[in-house]
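**Q** Predicted model, plus sequence, below.
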Amino acid sequence: MKKILAVTLVLCIAAGFAFAGGGKAGGSSASGGSTFIGIAMPETHVQRWVKDGASLKKFAEEKGYRAETSFGDADQSVQNRQIEGFLTQGAKVLVIGSVNEGVISAVASAAQDKVAVIAYDRIISNSADYDYYITFNNFKVGQFQGQGIEQGLNLKAATAANPKYITLFAGSPTDGNAFFFYDGAMSVLNPYIDSGVLKVVGPYPKTSKDTANFQRIATENWSGPIAKTRMENLLNNDARDVVLDAVLAPNDTLARAIIEACLADAKYAAAGKLPVTTGQDAEADSTLSIKNGRQYMTVFKDTTKLAEAAILLADQILKGQTINIPGATLASGDLLSIGDTGKKVVKAYLLEPILVTKDNWQVPVQAGFYTPEEEARLK
Ligand code: BGC
């Protein structure tokens, strides 16, 4: 039986039908199904990916697929080896949250094997070797961060005579999302900076296109320790003579590192208040920090829904069905650029993020986003 299947598979590939996957593509097989989905996640130092990896595997198995999750340790050569390993194991779809653009050689191998790749959360730039991308509206994620600061500092009522002080951080320059987050946030903050109501301490790239200054505020590999050290340096140098009112932090991991640096600084301890600090991911530690009045806001991206949608997409690709992902919008118009790899525009399916502050920190809890242990800590 196995031999017949193997021969059939070879014939299918030769005929270029590998994507169709036949009747064996998942489905409700009680024995777990034989079609294999490889799930390559970038890192574990940002908590969300651990959750994403587990959810993707669970949803794939629920649909009757065999699935395995790997974590790339923020090292693209490690992740590429993991992806090549999935291909050797006969993966039919790869769901990839890449570390950086170096993933394109592995994606090219997948294309040669006629294996479909879904770019998961992060676009795979500079490749024409895949067709699908699933993510959130990342410009909106950044807009929410800008709006958090606007609200937290009551910028609408602030005056240039009594300005507010902010310092800016961006995510990893190797991650396309970092540019969308930053530009979204600055689309809200730039008018206040232009009118003198908000003053930037440290480098100020007006948009991510100011590459030199963007590099200065970017945080390689989204590393918490790098952000903490940069914040300590700012506090001791550029921000020595002011009390910062806000910090634009691109995600929760970096927000907590920045807050740690502030908490260790006598000036903020004396002022009895922390800067209004943004984040994203609704990581349990940050939601707790928001509840306790330290971090100001986060952006809840329901990655359980993202994982479910990605597996539905994989299932529809494998079955040769028309793609229809409830809860996600296919990017068009102004949003088309979200799917632009630089080599082609892939189909980008977008889910909606939610702004979370102290007023609605229960939203991710109510969505069932946390593990029982995390939920217990949030009580
Ligand atoms: C994701 C964020 C995450 C960051 C660091 C980005 O690509 O969209 O959710 O915080 O990577 O891992």
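**A** Structure's in. What do you need?
**Q** since we're on Arg81, how many residues are nearby?
**A** Number of residues near Arg81 (other C-beta atoms under 10 Å) recorded here: 13. From N, CA and C alone the C-beta is placed, and that goes for glycine too.
**Q** which residues sit in contact with the residue sitting nearest the centre point of the chain?
**A** What sits nearest the mean C-alpha location of the chain, by C-alpha atoms, centre = their mean, is Asp121, with 5.3 Å. Residues touching Asp121, when contacts are defined by C-beta atoms under 8 Å, 6 or more residues apart in numbering, comprise Asp52, Gly97, Ile134, Thr135, Phe136, Asn177, Thr303, Leu306.
**Q** so the third one sits in a strand?
**A** To tie it back to what came earlier, the one meant is Ile134. Yes. With the criterion set as DSSP: H, G, I helix; E, B strand; the rest coil, the secondary structure at Ile134 is a strand.
**Q** Tell me the spacing between it and Pro250.
**A** The spacing between Ile134 and Pro250, counted by C-beta to C-beta, to the nearest Å, is 20 Å.
**Q** follow-up on the earlier one: would JSON lines of the contacts of Asp121 with distance to the ligand and pLDDT be doable?
**A** Output for the contacts of Asp121, formatted as JSON lines (distance: C-beta to the nearest ligand atom, whole Å; pLDDT from 0 to 100):
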{"residue": "Asp52", "distance to the ligand": "9", "pLDDT": "98"}
{"residue": "Gly97", "distance to the ligand": "7", "pLDDT": "98"}
{"residue": "Ile134", "distance to the ligand": "12", "pLDDT": "98"}
{"residue": "Thr135", "distance to the ligand": "7", "pLDDT": "98"}
{"residue": "Phe136", "distance to the ligand": "7", "pLDDT": "97"}
{"residue": "Asn177", "distance to the ligand": "4", "pLDDT": "96"}
{"residue": "Thr303", "distance to the ligand": "8", "pLDDT": "98"}
{"residue": "Leu306", "distance to the ligand": "10", "pLDDT": "98"}
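**Q** Relative to Ala255, which of those is nearest.
**A** Of all the contacts of Asp121, Asn177 has the smallest distance to Ala255: 15.9 Å, by C-beta to C-beta.
**Q** if I've got this straight, that closest one is in a strand?
**A** No. Secondary structure assignment places Asn177 outside any strand; it is helix (three-state DSSP).
**Q** so it makes contact with Arg122?
**A** Yes. The pair Asn177 / Arg122 is scored as a contact, 5.8 Å apart, by C-beta atoms under 8 Å.
**Q** which residues do these two both contact?
**A** Between them, Asn177 and Arg122 have Thr135 as joint contacts when contacts are counted by C-beta under 8 Å, 6+ apart.
**Q** unless I'm mixing things up, Ser55 is touching Glu308, no?
**A** Yes. Using C-beta under 8 Å, Ser55 makes contact with Glu308 at a distance of 7.2 Å.
**Q** Check the secondary structure at Asp334 for me.
**A** Going by three-state DSSP, the state assigned to Asp334 is helix.
**Q** how many neighbours does it have?
**A** Once other C-beta under 10 Å is used to define contacts, Asp334 is seen to have 8 neighbours.
**Q** Please report the distance of it from Lys114.
**A** Using C-beta to C-beta, one obtains 33 Å as the distance from Asp334 to Lys114.
**Q** residue of the stretch 1-150 of the chain with the smallest distance to the ligand?
**A** The nearest approach of the stretch 1-150 of the chain to the ligand comes at Val46, 3.5 Å away (C-beta to the nearest ligand atom).
**Q** So that residue belongs to a strand, correct?
**A** No. Inclusion of Val46 in a strand is not indicated when three-state DSSP is applied; the result is coil.
**Q** thinking again about what came up before, now the contacts of Asp121 as TSV including neighbour count?
**A** Shown next, in TSV, are these (neighbours: other C-beta atoms under 10 Å):
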residue	neighbour count
Asp52	24
Gly97	27
Ile134	24
Thr135	27
Phe136	26
Asn177	23
Thr303	22
Leu306	23
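**Q** where does Leu330 fall, phi/psi-wise?
**A** Dihedral angles of Leu330 (phi, psi; degrees, to the nearest 10) stand at phi -80, psi 120.
**Q** My guess is it contacts Val345. True?
**A** No. Between Leu330 and Val345 no contact is recorded; they are 11.5 Å apart, counting by C-beta under 8 Å.
**Q** and Glu84, how many residues sit next to it?
**A** Using other C-beta under 10 Å as the criterion, Glu84 is surrounded by 15 other residues.
**Q** That one sits in which helix or strand?
**A** Assignment of secondary structure by DSSP states H and E places Glu84 within helix 76-88.
**Q** What's the separation between Asp241 and the ligand?
**A** Taking C-beta to the nearest ligand atom, to the nearest Å as the measure, Asp241 falls 32 Å from the ligand.
**Q** Assumed that residue was part of a helix.
**A** No. The assignment for Asp241 by three-state DSSP gives coil, which leaves it out of any helix.
**Q** List the buried residues in the helix or strand where Ile118 lies.
**A** With elements taken from DSSP H and E, the one containing Ile118 is strand 116-120. Of the residues in strand 116-120, those scored as buried under the neighbour-count criterion (16 or more other C-beta atoms under 10 Å) are Ala116, Val117, Ile118, Ala119, Tyr120.
**Q** Put the alpha carbons of that strand into PDB.
**A** Only the C-alpha atoms of strand 116-120 are listed here, as PDB (Å, rounded to 0.1, in the frame of the first residue of the first chain):
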ATOM      1  CA  ALA A 116       3.400  25.700  -1.200                       C
ATOM      2  CA  VAL A 117       4.700  28.200   1.200                       C
ATOM      3  CA  ILE A 118       2.600  30.500   3.400                       C
ATOM      4  CA  ALA A 119       4.400  33.500   4.800                       C
ATOM      5  CA  TYR A 120       3.100  33.600   8.300                       C
END
